[in-house]
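S.K.: how would this look folded up:
(2 chains)
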Amino acid sequence: MSEAKSTTAPKPTIVEVRVPSRLGFEKVAMSTAASVAKLMGFREDRIEDLKTALAEACINAIEHGNRLNEKLSVGVVLSAGADALEVKVMDEGKGMNRQPGKQNKPDIDRKMRGEEEPRGMGMFLIQSLVDEAEWVAGDDGNGSYVRLVIRLDKEQ
Amino acid sequence: MQNETKARVEQLTSPAGHPVAVLRFEGDIASTSKDAVIGTYQSLPKASTPLVLLDFTKVDYINSSGIALVIQLLIEASNSGQKVCAFGLSAHFTKVFTMVGIPKYAGLFSTQAEALAAL
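M.R.: Numbering: from 1, shown residues only, chains lettered A, B, ... in the order given. Here you go, the predicted structure:
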């Protein structure tokens, strides 16, 4: 008689941090995520990618989600799995109500000609620097979050 | 929480004998850095400063708002006919600057010596 094998994946290790809606505090989330990623064995260049993507997600949550209201906070939940790190960045406001398109690549020529704002590169950087990026609107219009995933390469 | 951006200007001469203004930045480059980045750049006498170098050696953190300020500087420099190069970015921020297309308008170099030689 064959022995039954469990197919349940091991539970991820969860780390949570909550920062005020004040620009600059995204660095607290960055350093926490960098520490978790380092413990998981990510290469230094991937950790730098994660830090920049997470910083931009937190800045969006602070500026657009919580509209710089310091009474509101930004929650960051890091779920360290066997082969990937998932990061959720949650605001208490309306957040992003749509998935940004792939066409948001900045056009440096248009920016230099003044046809496009110099700003507006955060979403592009997030999408470019992590393996998955998903914007999820809250059910009642509040409590939106961004979900980022970076995967451990097999050779790491 | 953000490390205040410090900026200072140093006047050098390129190996080819041209005057070069080096803007040396320190700290974070973010939305609060407008005075340090744009203000310091605008303090340069444009007519006598055809070549500008941006030194990021002592910058640890640059976000998209900070990159936007660099692009704003490049727009003003382009309109004034100035040539701009940058050096001292980490490998990560060299990649990020490249992703947004900055090398088309400002050469990126590892060291000051390499940047000066290219001017």
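
S.K.: mind checking the end-to-end distance for stretch B:27-38?
M.R.: 15 Å (C-alpha to C-alpha, to the nearest Å).

S.K.: whoops, stretch B:38-48 was the one
M.R.: 18 Å.

S.K.: for the chain, what spans make up the helices?
M.R.: Answering for chain A, as no chain was given. A:26-40, A:44-60, A:108-112, A:122-129 (DSSP state H).

S.K.: ah, I was thinking of chain B
M.R.: Using DSSP H, helices in chain B cover B:34, B:40-42, B:64-79, B:91-99, B:112-118.

S.K.: still on that earlier bit, can you put the helices of chain A in JSON lines and add distance to chain B and mean neighbour count?
M.R.: Bear in mind the C-beta positions are built from the backbone N, C-alpha and C, glycine included. Below are those laid out as JSON lines (distance: least, C-beta to the nearest C-beta, whole Å; neighbours: other C-beta atoms under 10 Å in any protein chain shown):
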{"stretch": "helix A:26-40", "distance to chain B": "6", "mean neighbour count": "19"}
{"stretch": "helix A:44-60", "distance to chain B": "4", "mean neighbour count": "23"}
{"stretch": "helix A:108-112", "distance to chain B": "3", "mean neighbour count": "17"}
{"stretch": "helix A:122-129", "distance to chain B": "4", "mean neighbour count": "21"}
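
S.K.: dump these into JSON lines; add mean pLDDT as well.
M.R.: As requested, the helices of chain A are exported to JSON lines (pLDDT from 0 to 100):
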{"stretch": "helix A:26-40", "mean pLDDT": "98"}
{"stretch": "helix A:44-60", "mean pLDDT": "97"}
{"stretch": "helix A:108-112", "mean pLDDT": "94"}
{"stretch": "helix A:122-129", "mean pLDDT": "95"}
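
S.K.: just so I know, which of the ones you listed lies nearest B:Q11?
M.R.: For the helices of chain A, the distance to B:Q11 is smallest for helix A:108-112, at 26.5 Å, taking C-beta to C-beta.

S.K.: list the contacts of that closest one.
M.R.: Contact partners of helix A:108-112, identified using C-beta atoms under 8 Å, 6 or more residues apart in numbering or on different chains, comprise A:116-118, B:71, B:74-75, B:78, B:100-102, B:104-105.

S.K.: alright, calling it a day.
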